[in-house]
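Asks: Coordinates only, no sequence provided:
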Ligand code: 2AM
Ligand code: CA
Ligand code: CA
Ligand code: CA
């Protein structure tokens, strides 16, 4: 079985693991601040993915939010970038609206992207240059709509800081309206389904965006940082995604400025 089909089966199996595990007791801890939560289920699911991948492909490497691959500093060979639960606050507070997100790269090039909405049992998947799908159905790119007729997904709590808020607020004010669903991966999935027209984040990590950028990239959507640069695999960055036209309309609001980069590097709060 190839990596793509193995990944599709694995992510669904990991979703079942979460569904079962969440009905039992689990511990909730905080990480960088009291609102940045992690549960035993996040950690155990990452361990589950890690063990299964290495059992099947011992030479592959894995980077995960909950600690795997922290020593990886090059992109040679096959790298799986995994977020065991994207939307941990939704997992804890709502018991739904969270996803597993996986991006697989070979020698730094995208190979496949997988997002599994565990409670809806919806699998979004794409293999590079082979189209993108929701379960068995092919997804299609939506026609561009300008910002003033668009719903745009944002994480409001993270753009309230003075150094960043002006361009973000301008874009939000111009949009038809803004939405915040609490899971970057599911927001990419909504872009893939045509339910929102764009998403913008001041800071995300590769496990938040690699699965989603591969899936939406297959459909013709463009994903870069706020200055239009390609997203890195081994460090965090800002993220703008949408049809190429609205993407360029949005990044036109950001002028490159060193203080924003410095602020970005120091930005750890939720
Ligand atoms: P998580 O649930 O895996 O932590 C919420 O708008 C989105 O931002 C989620 O995808 C969430 O991923 C992510 N997120 C949460 N805390 C973050 C942090 N400290 N830095 C960057 N992204 C974060
Ligand atoms: Ca987290
Ligand atoms: Ca995440
Ligand atoms: Ca996570």
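Replies: Received, thanks. If you're wondering where the values come from, they're calculated on a predicted model, not measured in any experiment. Ligands and ions are numbered 1, 2, ... in the order given.

Asks: Tally up the residues packed near the spatially closest residue to residue 106 that is not a sequence neighbour, please.
Replies: Spatially, and ignoring its direct neighbours in sequence, residue 106 is nearest to residue 78 (5.4 Å; C-beta to C-beta, 6 or more residues apart in numbering). Every C-beta, even on glycine, is put in place using the N, C-alpha and C of the backbone. Neighbours of residue 78 under the rule other C-beta atoms under 10 Å: 17.

Asks: so where does the closest residue to residue 89 other than its chain neighbours fall, helix or strand?
Replies: Excluding the flanking residues, the one nearest residue 89 by C-beta to C-beta, 6+ apart is residue 182, at 5.8 Å. Using DSSP states H and E, residue 182 is not contained in any helix or strand.

Asks: State the number of residues packed around residue 182.
Replies: 19.

Asks: circling back: isn't the residue nearest to residue 106 up against residue 59?
Replies: Yes - using C-beta atoms under 8 Å, residue 78 is in contact with residue 59, at 7.3 Å.

Asks: Please name the residues that touch the residue nearest to residue 89.
Replies: 87, 89-90, 97, 155 (C-beta atoms under 8 Å, 6 or more residues apart in numbering).

Asks: Please report how far residue 249 lies from residue 134.
Replies: According to C-beta to C-beta, to the nearest Å, residue 249 stands 27 Å off from residue 134.

Asks: Now the nearest residue to residue 188 once chain neighbours are set aside: phi and psi?
Replies: Spatial nearest neighbour of residue 188, excluding adjacent residues (C-beta to C-beta, 6+ apart): residue 212 at 2.5 Å. Main-chain torsions, residue 212, degrees, to the nearest 10: phi -70, psi -40.

Asks: quick one: residue 212 and residue 114 touch, right?
Replies: No - Residue 212 lies out of contact with residue 114 (C-beta under 8 Å); the separation is 9.9 Å.

Asks: Spell out which residues are contacts of both of these two.
Replies: residue 101.

Asks: Which one of those two is surrounded by more residues?
Replies: residue 212 (34 against 28).

Asks: pLDDT of stretch 34-45, averaged?
Replies: The pLDDT scores in stretch 34-45 average 96.
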